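**Q** Below are the sequence and a predicted model for it; my questions follow.
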Amino acid sequence: MKESLSDDDYRKYRWFFTSSGKLVVGGKSDSQNELVIENFLKDGYMVMHTSKPGSGFMVLVSEKWNKKDLEEMAVFCGCFSKQWKLSVKGKKISVDMFEGSDVFKKKGMKTGTFGVSGKKENFMVVPELVLVKQKGLLRAVPRWKGMVRKDYYLGIEVGKTGKGEVVDVLMGRLMKKRVKVSRDEVLSAIPSDRLEIK
């Protein structure tokens, strides 16, 4: 049974808003994957997961979407996955998309694991993100078409630097741009490791 969600419950998960204002919500862990599918997914929604294991299930929380929404969602899914850590600069990540009505759970499946019964559509995405404010919080989101340098604070791509070190550099650069953020906010916004600031 779905729990009653408040308007900002998505903030407990991995999230961003696409360039057309559509909410994408994904799990940060196996247990969160279960909650995302249970609480946010409806039959008319689209779901994404990397082709290889190790990503959250991402749900586009709308029955109406465009191609750009899907492309941005695919990039977000790929960037917040195990494939980001295994990737090298310039290498694309494979992400699968399927309809919400095709997602199923059988008895005995591990926590955070689901089956898909229908067709999958594949996206090959370059793992790159930009830092912006959405709903008053710092978010690392896909750079959408038409976005220019003044529209975001900094860019992030696959690199060789650990998250802890990158956070310190990001905090310094954001302070120079007079962007008020906490260390926890930055940590929550960016991928888990192996980063480079653009």
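**A** Here it is on my side, so go on. Numbers count the residues shown, from 1 in each chain.

**Q** Can you give me the domain assignment for the protein?
**A** 9-125, 128-197 (automatic domain parsing).

**Q** Could you tell me how far the longest one lies from the centre of the chain?
**A** In other words, domain 9-125. The chain centroid and the centroid of domain 9-125 are separated by 8 Å, computed with Cα atoms, centre = their mean, to the nearest Å.

**Q** Tell me the span between the first and last residue of it.
**A** 28 Å (Cα to Cα, to the nearest Å).

**Q** winner for burial among the domains of the chain?
**A** Burial of the domains of the chain is given as mean neighbour count (mean count of other Cβ atoms under 10 Å); domain 9-125 ranks first at a mean of 18. No exception for glycine: its C-beta is placed from N, CA and C like everyone else's.

**Q** dump the residue contacts of the residue nearest to Lys42 when sequence neighbours are not counted.
**A** Leaving out its chain neighbours, the residue that sits closest to Lys42 by Cβ to Cβ, 6 or more residues apart in numbering is Gly100, at 5.9 Å. Neighbour list for Gly100: 41-47, 59 [criterion: Cβ atoms under 8 Å, 6 or more residues apart in numbering].

**Q** Mind doing that once more with 7 Å?
**A** Contacts for Gly100 (Cβ atoms under 7 Å, 6 or more residues apart in numbering) come out as 41-47.

**Q** any chance of these in JSON lines, with secondary structure and pLDDT too?
**A** As requested, the contacts of Gly100 are exported to JSON lines (DSSP: H, G, I helix; E, B strand; the rest coil; pLDDT from 0 to 100):
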{"residue": "Leu41", "secondary structure": "coil", "pLDDT": "95"}
{"residue": "Lys42", "secondary structure": "coil", "pLDDT": "93"}
{"residue": "Asp43", "secondary structure": "coil", "pLDDT": "89"}
{"residue": "Gly44", "secondary structure": "coil", "pLDDT": "92"}
{"residue": "Tyr45", "secondary structure": "coil", "pLDDT": "97"}
{"residue": "Met46", "secondary structure": "strand", "pLDDT": "97"}
{"residue": "Val47", "secondary structure": "strand", "pLDDT": "97"}
